[in-house]
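Participant: sequence plus the predicted model coming up.
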Amino acid sequence: MQVQTHVDINSEWGIVAARQAGRKLAREVGFGSVDQARITTAISELARNIYLYADQGQIKIEEVAEGGKRGMKIIASDQGPGIKDLRRVMEDGFTTSGGLGAGLPGVKRLMDDFAIESELNQGTVITAVKWLR
Amino acid sequence: MQVSMYRLYKDMLTSYLRDKSETALYHAQQFSKQMMEQDMSPEETVSLHLSVFQELAEDLPEEVTDSFDLLLEVMIGYGLAYREHQSLRDRQQELESELNVAAQMQRTLLPDKQVDTEEIDFGVISVPAGKMSGDYYHYDEDSVGNFAVAVADVIGKGVPAAMSMSMIKYAMDTLTDKQTEPAGVLESLNRVVERNIDEDMFITMMYGVYYPESHQFHFASAGHEPGFFYRSAADTFESLEAKGLVLGVSPKVRYEERGFRLDPGDFVVFLSDGVTESRVDGEFIERDTVVSMIKERLHLSAQEIVNELFEELEKAQEFQLRDDFTLMILRRKF
Amino acid sequence: MNLDIQVSDYENKSVAEVSGEVDVYTAAKLKETITPLAEQEDKRLIIDLSGVDYIDSTGLGIFIGALKASEKAGTSLTLTGLNARVKRLFEITGLHEVIDIDQAKREEA
């Protein structure tokens, strides 16, 4: 039975709760302290994006296994305004220059797999996976 | 993490804790270069430090170990910034090489064949301020030996100017052999440029033709920086000016065409404003300065004169060109 | 490199007093201010260049853009207060034949 946790993000408190849940699961899955901190930072950034741009949404974290590999998956989803220019937000220097933090390219770097789907006025779903080495 | 890094770090830290020597610190500095080469992030370094430290100093107070959680969290941000910096640097290199290819393509738009006629001594130099040039020059001998020369200057510099510069080249290519009178050439080019250029851009151009049979030189100017005409017999320079509006402002423009005879040793100078707007010690050089620099070099060939002028002005500006620089001389030998 | 622009609005004209250097670095700022003024219908635009020492070719382009905009709006553009160096630039480029230049205010320098 794989562990799965949902955290609703509608306040800064939600961000902290998501971090906490993420760090706990990362530890349980067996990640070292550096990767624990990386995964937590990634969750933190995704949750902040939801809080800042979509008002509310959800972070789901779960353990994953695939072809002998084990890891941890983060799914961040919201029903916010959506992202108009995906290429732009995935560009280095686009969000960071405005002081908005690591941004999505940062999340992508912290994790191993990264996927984003967004529809205008529908919302955004971001999936990111980190594998145990 | 690589075992070797762990070992190295442990040796370094052991040695430093033992005798607090500058040598150990020096090793640490060298080690940091190695870490960056191996793409080791700041957070990994912090974590490495803690695990080595935990092994060396047994029974660390819990507060010390815990405090590293905070440091690790903070360092992740620095690590991301560092990686982003690396990726931006890679992208800059990419852009740079793209620009190099474009600059190379642009050079192929300019004529480069040797001028080897009995009567004409010709020289030209054109150097962009950046990688790409907003200056254009042209020279060509037609089937009956008439020799056409032109210098054009697109406002601004860099890539936007360079793109308009290629327009001039292609417009020139559409001219037929019959269209060689300077005023007519500028009228045709103006029609093309006016239709294709941005509201607040324009191109200036000077176009001239030397007719060896009559030894006449004819020219017209589209708002271009005036050139010079050197009369050998009198040893004087005159300004080469003709009325005419810059290209690209108005669809129908007439250009004044002027002409005179070139006697042996006489020459004409075409230039772009990158020459006269050279700033030496913060001050623009005067047109007279350009004239006296040429005067000192009358004994040289046309190509040597333009080369030396460029070298001297480049040096005087500490090798920082503010604008694209083009200088051309056409001299009747005998 | 600084550029200062003061705009005064009258019933049938706008006057922009420009001072500083109009070059590749300041041209965008000038364009931002001048273009909307030139686009106003029923209002002439007068640009006073008394405080301008130097204009480069990019700067000249802004005046051409303003000229085209004012022609489109059915009004007129007048430049005043050109110093000798700036006036010479308009003459070399032939622009003095298409832009109205009023030399009443300043001829020296």
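Facilitator: Looks like it arrived, so ask away. Residues are numbered from 1 along each chain as shown, chains lettered A, B, ... in the order given.
Participant: list the contacts for residue B:306?
Facilitator: B:123, B:124, B:125, B:327, B:328, B:329 (CB atoms under 8 Å, 6 or more residues apart in numbering or on different chains). Backbone N, C-alpha and C define where each C-beta goes, glycine included.
Participant: sheet partners, orientation included, of the helix or strand hosting the fourth one?
Facilitator: So that's residue B:327. Using DSSP states H and E, residue B:327 sits within strand B:325-332. Strand B:325-332 sits in its sheet next to strand B:120-127 (antiparallel), strand B:267-271 (antiparallel), going by DSSP bridges.
Participant: can I get it as PDB, trimmed to CA atoms?
Facilitator: Provided in PDB are the C-alpha atoms of strand B:325-332 (Å, rounded to 0.1, in the frame of the first residue of the first chain):
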ATOM      1  CA  PHE B 325      33.100  52.800 -39.300                       C
ATOM      2  CA  THR B 326      33.400  52.900 -43.100                       C
ATOM      3  CA  LEU B 327      35.900  54.800 -45.200                       C
ATOM      4  CA  MET B 328      36.500  54.600 -48.900                       C
ATOM      5  CA  ILE B 329      38.900  56.300 -51.300                       C
ATOM      6  CA  LEU B 330      38.800  56.300 -55.100                       C
ATOM      7  CA  ARG B 331      41.800  57.900 -56.800                       C
ATOM      8  CA  ARG B 332      42.700  58.400 -60.500                       C
END
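Participant: got the buried residues for it?
Facilitator: Neighbour-count burial for strand B:325-332 flags B:325, B:326, B:327, B:328, B:329, B:330, B:331, B:332 (criterion: 16 or more other CB atoms under 10 Å in any protein chain shown).
Participant: what residue ranges in chain B score low on pLDDT?
Facilitator: B:1-3, B:177-178 (pLDDT under 70).
Participant: how near is the residue lying farthest from the centre of it to residue B:72?
Facilitator: Ranked by distance from the centre of chain B (CA atoms, centre = their mean), the top residue is residue B:59, with 63.5 Å. Residue B:59 is 21 Å from residue B:72, where distance means CB to CB, to the nearest Å.
Participant: and residue C:102, by the same measure?
Facilitator: For residue C:102, the distance to residue B:72 - CB to CB - is 70 Å.
Participant: between the two, who's got more neighbours?
Facilitator: residue B:72 (23 against 13; other CB atoms under 10 Å in any protein chain shown).
Participant: in a helix, the more buried one, correct?
Facilitator: Yes. The assignment for residue B:72, made by DSSP: H, G, I helix; E, B strand; the rest coil, places it in a helix.
Participant: now do the contacts for it.
Facilitator: Here residue B:72 is in contact with A:33, A:34, A:37, B:43, B:46, B:47 (CB under 8 Å, 6+ apart).
Participant: out of the residues you listed, which one sits closest to chain C?
Facilitator: residue B:43 (41.3 Å; CB to the nearest CB).
Participant: tell me the contacts of the residue lying closest to that closest one once chain neighbours are set aside?
Facilitator: The shortest distance from residue B:43 to any non-neighbouring residue, by CB to CB, 6 or more residues apart in numbering or on different chains, is to residue B:75 (4.4 Å). Residues near residue B:75 by CB under 8 Å, 6+ apart: B:41, B:42, B:43, B:45, B:46.
Participant: what helix or strand does the closest residue to chain A within chain C sit in?
Facilitator: Residue nearest to chain A within chain C (CB to the nearest CB): residue C:28, separated by 19.8 Å. In the assignment (DSSP H and E), residue C:28 maps to helix C:27-39.
Participant: residues in contact with that helix?
Facilitator: Residues from elsewhere that reach helix C:27-39 (CB under 8 Å, 6+ apart): B:200, C:3, C:5, C:7, C:14, C:16, C:18, C:22, C:43, C:45, C:47, C:58-59, C:61-62, C:65-67, C:69-70, C:72-73, C:75, C:77.
Participant: beyond the lengthiest strand in chain C, next helix or strand please.
Facilitator: Counting by DSSP state E, the longest strand found in chain C is strand C:44-55. Toward the C-terminal end, the helix or strand that comes next after strand C:44-55 (DSSP H and E) is helix C:57-72.
Participant: list the contacts of the helix or strand following that following helix.
Facilitator: Per DSSP H and E, the first helix or strand lying C-terminal to helix C:57-72 is strand C:77-80. Contacts to strand C:77-80, defined as CB under 8 Å, 6+ apart, come from residues C:38, C:44-50, C:63, C:66-67, C:70, C:90, C:99-106.
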